[in-house]
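Engineer: sequence below, structure please.
(one chain, ligands or ions: 2)
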Amino acid sequence: MSHAPADLSHIAARDKAEILAQALPYIRKFHGKTMVIKYGGNAMTDPALQKAFAEDVVLLKLVGINPIVVHGGGPQIDSALAKIGKKGTFIQGMRVTDQETMDVVEWVLGGEVQQDIVGLINAAGGKAVGLTGRDGAMIRARKLKLLDLNDPAVEHDVGQVGEIESIDPSVVKALQDDQFIPVISPIGFGEQNESYNINADLVASKLAEILKAEKLMLLTNIKGVLDKAGNLLTELTSRRIDELVEDGTISGGMLPKIAGAIDAAKCGVNAVHIVDGRVPHVLLLEILTDQAFGTMIRAR
Ligand SMILES: Nc1ncnc2c1ncn2[C@@H]1O[C@H](COP(=O)(O)OP(=O)(O)O)[C@@H](O)[C@H]1O
Ligand SMILES: CC(=O)N[C@@H](CCC(=O)OP(=O)(O)O)C(=O)O
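Structural biologist: Ligands and ions are numbered 1, 2, ... in the order given. Have a look, this model is predicted:
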C-alpha cells in the first residue's frame, strides 16, 4: 500500500526552511545518543501513521541518533484471541495470560506485528532487525507478583505475565553500532526456559535505563496523561503521579506506562515523554523541533 507524502504546498518556502534549520541544534545535541521508542499497539493501527513512524525512525538513524524500538500489540493480540473464541482480560493494565494466551502472544508479537514494523522501516530505507527478549538472552524474567493497588495484602494471579529480572543489552548494542535498528517484542524467558508476557512499556522503560538512553518516548493513542476533566497534564512529578493513581485518575493501560516512565526518570533517563502516536511524525516534531508534545515525566 502506498501513501502520498503529506501535502506541504500551503507552507511558504521560508517557513519550511526555518523548520528544517530548527533541527540543527537538536541533531548536534543528540548525535550518538540512544533513544528508546515504545510503539504502542493502539498507535499502530493506521497505515499512513505507520509509514510516518517508520520514516521518522529512519531519519533519526541517518542523522546519527540511535533509535531502539520496543513494540506492543495489545489490540492485535485481542483480535487473534477473538478468532479462537477467547476474550482478553486485564488486571491493573496486565493481560491475564494462561498458556493458550501465551502461545497467541508469542505468535502475534514475535510474528506479524514485529515483521510489519521491520518491513516498514526497511521500506523507508533503514535496516531493522526484529528480536524478542529471548534473542541474545536479552530479557530474563520471573512470574509477576501483582499486588492489588487498593489492598496490597491481595495478590492477583495473572498467569504467565513476567516481571523483568535483568536485561542484557549486548545484542542491542551490537546491532545499533552496526547501523541496524533493533525492533524488540516484550517477551522474556525464565529459569526453566518458559516464556513470559511482559508489558511493553515496562520493557521499554527498563531498556532505556540500562542503555542510559537520552530519551524514552512512549507513543500511545491519547494526547498524554489527562486529569479528571480530560485536560492534558504537560508535566508530572513522582508525587503528583502517586496522587493521580490513588484517586483513580490514572487507570488501566496507563498504569504500567506511568510506572515505567517514572522508574526510567528516577534512574537517569534524561527525558521521558508520553506522547500521542496519532500525530503524524510526532517523533521528529518532539525530538528535532522546539515544540513540546504530550506529558513529560520528571523524577522530582
Ligand atoms: N489519566 C489518564 N490519562 C490518559 N489515559 C488514561 C488515563 N487513565 C487511563 N488511561 C487509558 O490508558 C490508555 C493508554 O494505555 P494502553 O491502551 O495500554 O495504550 P498502548 O497500547 O499505547 O500501551 C488510554 O487510551 C486511556 O484509555
Ligand atoms: C502483560 C501484558 O499486558 N502484556 C501486553 C504485551 C503487549 C503490550 O504491551 O501491548 P500495548 O503496548 O499495545 O498495550 C499484552 O499482552 O497486551
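Engineer: from here on, just use CA atoms for contacts and neighbour counts.
Structural biologist: Will do.
Engineer: worst-scoring helix or strand of this structure, pLDDT-wise?
Structural biologist: helix 13-30 (a mean of 89; mean pLDDT, DSSP states H and E).
Engineer: helices or strands up against it?
Structural biologist: With contacts defined as 3 or more Cα pairs under 8 Å, 6 or more residues apart in numbering; DSSP states H and E, the packing partners of helix 13-30 are helix 282-288.
Engineer: so what touches the helix it packs on?
Structural biologist: By Cα atoms under 8 Å, 6 or more residues apart in numbering, the list of residues contacting helix 282-288 from outside reads 22-24, 26-27, 53, 56-57, 60, 275-276, 291-293.
Engineer: repeat that for 6 Å
Structural biologist: A23, Y26, D56, A292 (Cα atoms under 6 Å, 6 or more residues apart in numbering).
Engineer: before we move on, the earlier item: kindly export the least confident helix or strand of the chain (C-alpha atoms) in PDB.
Structural biologist: Taking Å, rounded to 0.1, in the frame of the first residue of the first chain, the C-alpha atoms of helix 13-30 are listed here in PDB:
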ATOM      1  CA  ALA A  13       9.300  28.000   1.400                       C
ATOM      2  CA  ARG A  14      10.800  30.300   4.100                       C
ATOM      3  CA  ASP A  15       8.800  28.600   6.800                       C
ATOM      4  CA  LYS A  16       9.800  25.100   5.600                       C
ATOM      5  CA  ALA A  17      13.400  26.200   5.700                       C
ATOM      6  CA  GLU A  18      13.000  27.600   9.200                       C
ATOM      7  CA  ILE A  19      11.500  24.300  10.400                       C
ATOM      8  CA  LEU A  20      14.400  22.400   8.900                       C
ATOM      9  CA  ALA A  21      17.000  24.700  10.300                       C
ATOM     10  CA  GLN A  22      15.400  24.400  13.800                       C
ATOM     11  CA  ALA A  23      16.500  20.700  13.700                       C
ATOM     12  CA  LEU A  24      20.200  21.500  13.600                       C
ATOM     13  CA  PRO A  25      20.900  22.200  17.300                       C
ATOM     14  CA  TYR A  26      18.900  19.100  18.300                       C
ATOM     15  CA  ILE A  27      20.800  16.900  15.800                       C
ATOM     16  CA  ARG A  28      24.100  18.200  17.300                       C
ATOM     17  CA  LYS A  29      22.900  17.700  20.800                       C
ATOM     18  CA  PHE A  30      21.600  14.200  20.300                       C
END
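Engineer: for that helix, buried residues please.
Structural biologist: The neighbour-count check on helix 13-30 (16 or more other Cα atoms under 10 Å) flags A23, I27, F30 as buried.
Engineer: need those residues in JSON lines with distance to ligand 2, can you?
Structural biologist: Output for the buried residues of helix 13-30, formatted as JSON lines (distance: Cα to the nearest ligand atom, whole Å):
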{"residue": "A23", "distance to ligand 2": "29"}
{"residue": "I27", "distance to ligand 2": "28"}
{"residue": "F30", "distance to ligand 2": "26"}
